[in-house]
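Asks: Next comes the sequence, and after it the predicted model I'd like to discuss.
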Amino acid sequence: MFFRLFTLGCKVNQYETEYIRTSLLQLGYMESLPEHPADLVVVNTCTVTAESETKGRKAIRKLIRENPNAEVVVMGCSATHNSKSLLNIDGVSKIISQKQDIPDFLRSLGLTELPNGIQHFGERHRAYVKVQDGCRIGCSYCIIPKVRPTLQSRSENNVLEEIKTLSQNGYHEIVLTGIHLGHYGVDFHNSDKNLATLVRRIVEMQEPFRLRLSSLEAVEVSDELVDLMLQYPQRICPHLHLSMQSGSDEVLRRMHRRWLAEPFIRRCEEITARFDRLALTTDVIVGFPGETDEQFEETCRVVERLRFSKIHIFRFSPRQGTEAATFSDSIPPPLQRIRAARLAEIAKRLRINYATTLVGTTLTVLIETIHGGTADRYLNVRFQKTVDPKIIGQIREVRIAHALGETLICNIDNDE
C-alpha cells in the first residue's frame with residue numbers, strides 16, 4: 001500500500017503530518033513517488049486565510065486527479081471549519097473534522113499501538129516539535145480560536161523522549177512550536193509547569209542539538225525564560241519572534257490585541273538590553289480596516305525603534321467568521337500594497353544593518369546544503385567554498401567574514 005501526504009499551513013500542521021507519516025510507516029505503508037499513484041492520500045489543510053482555503057481545495061482536486069483510485073482523507077483546520085463543503089468534493093472519501101479523531105482514523109487502518117511522537121522530520125535538517133495546541137485569545141482577525149479552541153499541552157517527559165529520538169536520528173536543531181506556544185502548561189491545573197520549566201529540562205539533556213523557540217507574545221517571555229537563554233547560549237538560539245501586528249494603539253484595540261504599543265516596546269527593549277545582538281523578529285498586518293496613514297506611520301516608527309531583524313508582513317484579508325470581516329472601513333488593495341512595499345523596504349534595510357553588525361563575530365550554523373545553512377540568529381549563511389556533503393546536518397561554529405546584503409559569508413573547515 002502506498003500513501004501520499006500534502007500539507008498547507010503552520011509548523012503545527014507540518015508536525016501533525018509527520019505524525020501521520022510515522023504512523024503509516026509503522027503500519028507498513030510506503031510513501032509513493034510522484035509518478036506512482038497512491039492508495040491513500042491525506043491532505044492537511046489550513047484555514048487561516050480565505051486564500052489558504054482556496055489553495056487547499058485546489059490541492060485536493062489535483063491529488064484526486066493524480067490518484068484516481070485512492071482513498072482521499074482531508075484533515076486540518078479547514079476540515080474543521082468547512083467539513084461539509086469539503087466532503088462534497090467529488091473524490092473525497094473522509095473528513096477528519098477534529099484532530100482528536102486522528103487516533104481513531106489510524107486505528108481504522110489497523111494501527112493498534114499509536115506512536116508517542118515522531119522519529120523523523122522528512123528530508124529537513126531541523127525538526128519541529130509540537131508541545132501545545134489550542135488558542136483562546138480571540139484576536140478580531142483570527143479564525144484559529146474557533147477551530148482549535150481547546151488548550152492541550154503535552155507532558156514534559158513525552159516531549160523530552162521525542163526530542164531525544166529526533167536528535168539521535170540526526171536532527172540537530174529542534175524548534176518548539178504550538179498553536180499558542182506561550183500557553184504551554186496553562187491547562188495543567190494546579191501545576192507550576194510552564195514554557196520556561198519545559199525549556200529548562202530540554203536544555204539539560206545530553207543530546208547534541210540547539211533549541212529554537214517559535215512565535216511568542218511579548219508578555220509570555222518571562223524573566224526566567226530570558227535567564228535560561230543567557231545561561232545556555234550554545235543550546236538556545238539567541239532569537240525571539242514576538243508578534244506585534246501593529247504599532248498603533250487604536251489599531252491594536254480594534255484587533256483585540258492584549259498589549260498596546262508602548263508596553264510592547266518596553267518589554268522588547270527590556271529583553272534586548274540583556275543580550276548581545278539578539279535576533280528579534282515579528283509579524284505585522286498592514287491595511288487593517290480603518291488604519292489611517294498616520295496609524296501606519298506609527299507602525300513604521302515602532303519597527304525602526306525596535307530594529308527588528310526580520311518582519312513577516314501580511315496584507316489584511318477578511319476571514320469570514322471573524323469580527324474583523326464585518327468591519328466596513330476596509331483599506332483598498334492598492335493602498336495595502338503600497339504600505340506593504342514601504343514596510344518591506346524598511347524591513348530589508350534593518351535586516352541588512354543587522355547582518356552587518358554580525359561581521360567578525362562567531363556564530364553557530366546549521367549546515368543545510370554544501371553551499372550554506374542557517375545561523376543561530378536566523379540569517380542565511382553562505383560558505384566561501386562548498387563543503388563535504390557528509391557534514392550536512394551538523395552544527396558548526398563559524399566566524400563571519402563579511403555580509404552580502406542580508407546574507408552572512410564565512411569559510412568552514414570540512415575537517416573540524
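Replies: On my side now, so go ahead. Numbers count the residues shown, from 1 in each chain.
Asks: Who are the packing partners of the helix ranked longest in the chain?
Replies: In the chain, taking DSSP state H as the definition, the longest helix is helix 333-357. Helix 333-357 sits against strand 279-286, helix 293-306, strand 310-315, strand 395-404, with contacts defined as 3 or more Cβ pairs under 8 Å, 6 or more residues apart in numbering; DSSP states H and E. In this view, the C-beta of every residue, glycine as well, is placed from N, C-alpha and C.
Asks: now the third one and helix 333-357, what's the angle there?
Replies: Here strand 310-315 points in a direction 180 degrees away from that of helix 333-357 (axes from the mean of the first three to the mean of the last three Cα atoms, to 10 degrees).
Asks: now do the longest one
Replies: Here helix 293-306 points in a direction 10 degrees away from that of helix 333-357 (the same axes, to 10 degrees).
Asks: can I get the CA coordinates of stretch 216-233 in PDB?
Replies: Provided in PDB are the C-alpha atoms of stretch 216-233 (Å, rounded to 0.1, in the frame of the first residue of the first chain):
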ATOM      1  CA  LEU A 216       5.500  34.100  21.300                       C
ATOM      2  CA  GLU A 217       3.700  37.100  22.700                       C
ATOM      3  CA  ALA A 218       6.000  39.600  24.400                       C
ATOM      4  CA  VAL A 219       4.000  39.100  27.600                       C
ATOM      5  CA  GLU A 220       4.900  35.400  27.600                       C
ATOM      6  CA  VAL A 221       8.700  35.900  27.600                       C
ATOM      7  CA  SER A 222       9.300  35.600  31.300                       C
ATOM      8  CA  ASP A 223      12.400  36.700  33.100                       C
ATOM      9  CA  GLU A 224      13.000  33.000  33.800                       C
ATOM     10  CA  LEU A 225      12.900  32.200  30.100                       C
ATOM     11  CA  VAL A 226      15.400  35.100  29.300                       C
ATOM     12  CA  ASP A 227      17.700  33.800  32.100                       C
ATOM     13  CA  LEU A 228      17.700  30.400  30.500                       C
ATOM     14  CA  MET A 229      18.600  31.800  27.100                       C
ATOM     15  CA  LEU A 230      21.500  33.700  28.700                       C
ATOM     16  CA  GLN A 231      22.600  30.700  30.800                       C
ATOM     17  CA  TYR A 232      22.600  28.300  27.800                       C
ATOM     18  CA  PRO A 233      23.800  30.400  24.900                       C
END
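Asks: chain center to that stretch, what's the gap?
Replies: Offset of stretch 216-233 from its chain centre (Cα atoms, centre = their mean, to the nearest Å): 18 Å.
Asks: now the strands for the stretch 151-300 of the chain?
Replies: Counting by DSSP state E, counting those that start in this stretch, the segments of the stretch 151-300 of the chain that form strands are 152-153, 173-178, 210-213, 239-241, 279-286.
Asks: what's next to the helix or strand following the longest helix of the chain, contact-wise?
Replies: Heading C-terminal from helix 333-357, the first helix or strand you meet, by DSSP states H and E, is strand 362-367. Contacts with strand 362-367, where a contact means Cβ atoms under 8 Å, 6 or more residues apart in numbering, come from 125-126, 172-173, 210, 234, 372-377, 381, 387, 391-400, 408, 410, 412.
Asks: Low-confidence ranges, the stretch 301-416 of the chain, go.
Replies: 414-416 (pLDDT under 70).
Asks: give me that answer again for 50
Replies: Scanning the stretch 301-416 of the chain for pLDDT under 50 picks out nothing.
Asks: Isn't L230 up against L278?
Replies: No - counting by Cβ atoms under 8 Å, L230 stays clear of L278, with 10.1 Å between them.
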